[in-house]
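[1] Sequence below, structure please.
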Amino acid sequence: MKIATFNINNINRRLPNLLAWLRAAKPDVVALQELKASDGEFPAAAIEKAGYGAVWRGQKTWNGVAILARNAAPILTRDRLPGRPGDHESRYIEAAVRGIIVTSIYLPNGNPQPGPKFDYKLDWFARLKRHANTFIQQDLPVVLAGDYNVAPTEIDIYPTRSWDKDALVQPKSRAAYASLVSQGWCDAIRKLHPDKRIYTFWDYKRNRWPRDAGLRLDHLLLSPALASRLAKAGVDKKVRGEEGASDHAPAWLVLR
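    Okay, the predicted model is just below:
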């Protein structure tokens with residue numbers, strides 16, 4: 001079973017790129033972020049024609065998350081993160097697919113920091129940790145997939161000091177990610193590639209893609225019930241170099 005996460009950065013604008021990748025990579029489940037489309041603008045017909053069922057929660061202009069399943073209909077289990085009823089941003093969705101719960105997470109960026117946006121990021125992380133712990137306590141087969149907007153360690157960002165003040169690499173951001181993982185989650189890519197510089201995001205600015213000046217922001221965390229089934233994990237890096245590409249590339253794993 002192949003499960004992927006992909007920040008598509010505007011699903012309608014990048015639809016040809018997405019469909020081409022689906023045809024080539026044939027993932028069984030895909031978590032999408034940054035749809036940048038309302039519910040009614042989601043290209044359900046094109047996704048269905050490509051062989052994928054879908055659940056989604058859109059948002060006009062920003063945010064938006066979805067889960068696609070190949071030759072299957074994802075069963076929606078939750079379309080928002082619990083813990084803050086007044087939070088209406090479309091940043092979380094989860095669904096059951098073939099006996100596994102898969103999330104699509106679009107964690108807040110947090111810039112500029114310090115400030116209310118960074119506080120929101122840390123609060124969102126805390127809520128995610130509380131919700132994730134319920135999966136651990138019930139020993140459920142879960143993949144926490146998504147764009148976490150955190151480069152967890154120095155090996156997850158190209159050698160530079162230019163991002164030192166960015167929310168993506170702040171000690172509190174990294175500590176929040178580490179605290180989540182410490183519940184018992186397995187970071188699939190880091191588990192299989194412990195010392196390799198692997199990136200999933202290359203900013204459009206400052207020639208960062210040609211320079212391979214990337215960050216690993218997109219993560220796939222496996223619950224203990226699934227960790228022993230991890231067989232492969234990686235990033236479809238070449239997708240980032242295609243014409244009209246998102247600034248992210250799909251990260252993926254394969255379960256035995």
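[2] quick one: the nearest residue in space to residue 240 that is not next to it in sequence from residue 134, how far?
    Closest residue in space to residue 240, ignoring its immediate chain neighbours: residue 249 at 4.2 Å, by CB to CB, 6 or more residues apart in numbering. Yep, even glycine has a C-beta here, placed from its N, CA and C like the rest. Shown here: residue 249 relative to residue 134, a distance of 31 Å by CB to CB, to the nearest Å.
[3] swap in residue 235?
    Distance from residue 235 to residue 134, by CB to CB: 29 Å.
[4] just residue 238 next, same as before
    Distance from residue 238 to residue 134, by CB to CB: 37 Å.
[5] quick one, helices of this structure?
    15-25, 44-49, 116-138, 171-181, 188-192, 224-227 (DSSP state H).
[6] Rebuild those as JSON lines, extending it with mean pLDDT, distance to residue 256 and mean neighbour count.
    Converted to JSON lines, the helices of the chain look like this (pLDDT from 0 to 100; distance: least, CB to CB, whole Å; neighbours: other CB atoms under 10 Å):
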{"stretch": "helix 15-25", "mean pLDDT": "98", "distance to residue 256": "18", "mean neighbour count": "17"}
{"stretch": "helix 44-49", "mean pLDDT": "98", "distance to residue 256": "27", "mean neighbour count": "14"}
{"stretch": "helix 116-138", "mean pLDDT": "98", "distance to residue 256": "20", "mean neighbour count": "16"}
{"stretch": "helix 171-181", "mean pLDDT": "98", "distance to residue 256": "22", "mean neighbour count": "17"}
{"stretch": "helix 188-192", "mean pLDDT": "98", "distance to residue 256": "13", "mean neighbour count": "20"}
{"stretch": "helix 224-227", "mean pLDDT": "98", "distance to residue 256": "10", "mean neighbour count": "18"}
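[7] Ok, which of these comes nearest residue 106?
    helix 116-138 (9.8 Å; CB to CB).
[8] could you list every residue that touches residue 65?
    Going by CB atoms under 8 Å, 6 or more residues apart in numbering, residue 65 touches 31-33, 35, 56-57, 90-93, 104-106, 146.
[9] Not counting residues beside it along the chain, what's closest to it?
    Closest to residue 65 by CB to CB, 6+ apart is residue 104, at 4.2 Å.
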